[in-house]
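[1] below is the structure, and that's it, no one-letter string:
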């Protein structure tokens, strides 16, 4: 018996609104103190996704996409720091976690 291939789960970026495979996006989850990065994709809470590009990060901040996704006001500085941390980790920067 032949099994069919399952497609990768698709998720939509909160900034550019494009659907992409889940593993190409950064998952954020809403915590009591605001949004947080969900590195393993299994954290409880309301999840939302952002492309791994500076362009989408800038668009998300400019359009207040985190406020919309979280359904509450989120401090812009906190969002900027969170996004910078993730993008720096992706680039393997100085502040990146050692693996």
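    All right, it came through fine. Note that the structure is a prediction, hence the values are computed from the model and not measured.

[2] OK, contacts around the closest residue to residue 63 other than its chain neighbours?
    Leaving out its chain neighbours, the residue that sits closest to residue 63 by Cβ to Cβ, 6 or more residues apart in numbering is residue 15, at 6.9 Å. Quick note: C-beta positions are derived from backbone N, CA and C, even for glycine. Contacts for residue 15 were tallied using Cβ atoms under 8 Å, 6 or more residues apart in numbering; they are 50-51, 56-57, 59-60, 63, 65.

[3] check which helix or strand covers residue 15.
    Per DSSP states H and E, residue 15 falls between elements, in no helix or strand.

[4] now do it against residue 32, distance only.
    The gap separating residue 15 from residue 32 is 24 Å, by Cβ to Cβ, to the nearest Å.

[5] likewise for residue 71?
    With Cβ to Cβ as the criterion, residue 71 and residue 32 are 14 Å apart.

[6] now swap in residue 6 and tell me
    34 Å.

[7] residue 9 too?
    Plainly put, residue 9 is 27 Å away from residue 32 if you go by Cβ to Cβ.

[8] pLDDT wise, what is the residue nearest to residue 70 when sequence neighbours are not counted at?
    Once flanking residues are discounted, residue 70 sits nearest to residue 30: 5.1 Å by Cβ to Cβ, 6+ apart. As predicted, residue 30 sits at a pLDDT of 91.

[9] helix, strand or coil for residue 30?
    At residue 30 the chain is in strand, as set by DSSP: H, G, I helix; E, B strand; the rest coil.

[10] hang on, it packs against residue 44?
    No. If you go by Cβ atoms under 8 Å, residue 30 and residue 44 don't touch, sitting 9.9 Å apart.

[11] low-confidence ranges, the chain, go.
    Across the chain, the ranges flagged by pLDDT under 70 are 1-4, 93-99.

[12] neighbour-wise, which of residue 71 and residue 32 wins?
    Each of residue 71 and residue 32 has its neighbours counted (other Cβ atoms under 10 Å); residue 71 has more, 9 against 6.
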